[in-house]
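Q: Got a predicted structure here, sequence first:
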Amino acid sequence: MDYFIMQTNPKLSYLAKLKDWQKSLQDNPIPNELAVVPIRTRCIFVEEKSSNEYPDYFDKPITLIADRLKNVITMYQKDIDLRPVVLIEQKADRQEIYHLIDAPVIDCASSTSKLDHTGKIKELVLDRDKIGNQKIFHVLDFYRHLIVRLDVAESILRRNSYGIEFQKIQLEEIK
């Protein structure tokens, strides 16, 4: 089975920018994105621009999936933790419902993955045996990227998703 990095299309010119989230993530050393958002906080304000685009998936600064794709995610991985969040543009009187994704983090990078000078994964190669039956996950030491199995990616694409790209990941050759 093939796996893909799910990402926001970098060609979106007017991607909505979430206010103050990069600082919040830098100040919180816990890699769990849901730990960054206090339980009672359910709103994220967006920088005001008349041309803001809201893709079905935000990969930065936090992992958000549009409400309309929530059922696809839970259909493939029932135990995934999703927390509803409302993106708000106050002046435009606009609200969009998204969900924070807390996917499992698994140690499934192959020893053939290429590392940068700091030891972080630069070019990911997955070890098929270590993935098990996971369909949606983060890879240890490659945490900022959400990985999805082929069937999940196809299902998302069949729903005419907007602003999502999938980059195929190399799998370790079976010996």
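A: Thanks, I have the structure now.
Q: If you count neighbours, what's buried in the top helix by length along the chain?
A: Identified as the longest helix of the chain according to DSSP state H is helix 150-158. Judged by neighbour count using 16 or more other CB atoms under 10 Å, the buried positions of helix 150-158 are 152-153, 155-156. For the C-beta atoms, the positions are set from N, CA and C on the backbone; glycine is no exception.
Q: That helix: what's the following helix or strand?
A: Going down the chain from helix 150-158, the next helix or strand is strand 164-168, by DSSP states H and E.
Q: starting at the chain centroid, how far to the next helix or strand after that following strand?
A: Under the assignment DSSP H and E, the closest C-terminal helix or strand after strand 164-168 is strand 170-171. Centroid separation for strand 170-171 versus its chain: 19 Å, with CA atoms, centre = their mean, to the nearest Å.
Q: Tell me the strands beside strand 170-171, with direction?
A: Taking DSSP bridges as the criterion, strand 170-171 sits next to strand 125-126 (parallel) in its sheet.
Q: Just the buried positions in whichever helix or strand comes after the strand it pairs with, please.
A: Following strand 125-126 in sequence order, the next helix or strand is helix 128-131 (DSSP H and E). Neighbour-count burial for helix 128-131, counted by 16+ other CB under 10 Å, picks out residue 131.
Q: Output the contacting helices and strands for the helix or strand that comes right after helix 128-131.
A: Downstream of helix 128-131, the next assigned helix or strand under DSSP H and E is strand 136-139. With contacts taken as 3 or more CB pairs under 8 Å, 6 or more residues apart in numbering; DSSP states H and E, strand 136-139 sits against strand 105-106, strand 142-149.
Q: right, so of the ones you listed, which gets closest to residue 78?
A: Closest of those to residue 78 is strand 142-149, at 14.5 Å (criterion: CB to CB).
Q: The closest one to helix 150-158, inter-axis angle?
A: Angle, strand 142-149 to helix 150-158, by axes from the mean of the first three to the mean of the last three CA atoms, to 10 degrees: 80 degrees.
Q: Specify the angle between strand 142-149 and strand 164-168 in degrees.
A: Orientation check (the same axes, to 10 degrees): strand 142-149 against strand 164-168 gives 90 degrees.
Q: tell me which residues of strand 142-149 are tucked away?
A: Across strand 142-149, burial judged by 16+ other CB under 10 Å covers 142-149.
Q: where does the chain have its least confident helix or strand?
A: When the helices and strands of the chain are scored by mean pLDDT, DSSP states H and E, helix 21-27 comes last with a mean of 45.
Q: what pairs with residue 96 across the strands?
A: residue 87.
Q: Could you check how far stretch 134-150 is from the centre of its chain?
A: Remark: stretch 134-150 is offset 8 Å from the chain centroid, using CA atoms, centre = their mean.
Q: Thank you kindly, that will do.
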